[in-house]
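# predicted model and sequence follow; I will ask about them next.
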Amino acid sequence: MENLKHIENYLEISDQLATGGMPRPEDFPLIRQAGFEVVINLALPTSDGAIANEGELVTSQEMTYVHIPVKFDAPKDQDFEQFTRFLESCGGQKVFVHCVVNCRVAAFVFLHRLRMGTDRSIAEKSLRQIWEPNEVWRNFINQQLAKIGQAKLDVPASA
């Protein structure tokens with residue numbers, strides 16, 4: 001998947017899941033060539049760099065397109081629940097999830113991985129590789145962690 005490394009904050013989570021910032025229109029054929037079957041977009045239609053016809057570009061490459069617009073300054077439980085239900089329904093399909101710079105996605109994927117039994121230190125390392133969640137997102141993450149009996153996300157000592 002070297003041909004996708006130019007996508008901002010591109011991160012391979014597993015053989016079946018990768019995340020990143022906003023792809024360019026010409027990236028969708030490359031995403032398909034890398035074996036992805038599903039593209040999930042968490043950015044708003046009004047986000048910086050949003051592609052008005054992204055759904056058409058994705059489906060023209062014979063991939064499934066799902067758009068779950070998540071407000072960066074106000075993530076909601078139902079956004080995350082919709083995301084995790086859809087991701088679980090993908091079964092063995094290879095999924096690429098993006099937003100603008102991979103912050104929303106990193107948080108959602110971190111939480112989803114914990115629900116699926118991934119070791120906390122491994123999931124948290126991927127999250128922090130992308131960003132240190134701001135107060136809004138740290139609060140959201142901590143609310144979700146409490147629901148699954150996990151400890152709060154620590155604020156790094158340098159923050």
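Ah, there it is. Residues are numbered from 1 along each chain as shown.

# so residue 19, which state does it fall into?
Classification of residue 19 using DSSP: H, G, I helix; E, B strand; the rest coil returns strand.

# which ones are touching it?
By CB atoms under 8 Å, 6 or more residues apart in numbering, the contact set of residue 19 is 9-11, 13, 96-98, 102, 105-106, 109, 130. Bear in mind the C-beta positions are built from the backbone N, C-alpha and C, glycine included.

# and what of residue 109?
Residues counted as contacts of residue 109 (CB under 8 Å, 6+ apart) are 13, 17, 19, 97, 126-127.

# what about 7 Å?
Residue 109 makes contact with 13, 19, 97 under the criterion CB atoms under 7 Å, 6 or more residues apart in numbering.

# what separates it from residue 29, distance-wise?
24 Å (CB to CB, to the nearest Å).

# look up how far residue 9 lies from the closest residue to residue 98 other than its chain neighbours.
Take residue 98 and drop its neighbours on the chain: the residue closest to it by CB to CB, 6 or more residues apart in numbering is residue 20, 4.9 Å away. In this view, residue 20 and residue 9 are 6 Å apart by CB to CB.

# how about residue 17?
Taken as CB to CB, the span from residue 17 to residue 9 is 14 Å.

# centroid residue for the protein?
Geometric centre of the chain, nearest residue: residue 105, 2.5 Å, by CA atoms, centre = their mean.

# quick check: that one touching residue 87?
No: the pair formed by residue 105 and residue 87 falls short of the contact definition of CB atoms under 7 Å, at 10.9 Å.

# run through the chain and note the low-pLDDT ranges.
By pLDDT under 70, the low-scoring segments of the chain are 1-2, 157-159.

# the chain: strands as residue ranges?
11-12, 17-20, 38-41, 64-67, 95-98 (DSSP state E).

# now, of those strands, which is deepest in the fold?
strand 95-98 (a mean of 26; mean count of other CB atoms under 10 Å).

# hmm, who's touching that strand?
16-23, 31, 36, 38-42, 87, 105, 109.

# picking up where we left off before, in JSON lines: the contacts of residue 19, plus distance to residue 120.
Shown next, in JSON lines, are those (distance: CB to CB, whole Å):
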{"residue": "9", "distance to residue 120": "21"}
{"residue": "10", "distance to residue 120": "23"}
{"residue": "11", "distance to residue 120": "17"}
{"residue": "13", "distance to residue 120": "15"}
{"residue": "96", "distance to residue 120": "24"}
{"residue": "97", "distance to residue 120": "20"}
{"residue": "98", "distance to residue 120": "24"}
{"residue": "102", "distance to residue 120": "20"}
{"residue": "105", "distance to residue 120": "18"}
{"residue": "106", "distance to residue 120": "15"}
{"residue": "109", "distance to residue 120": "14"}
{"residue": "130", "distance to residue 120": "16"}
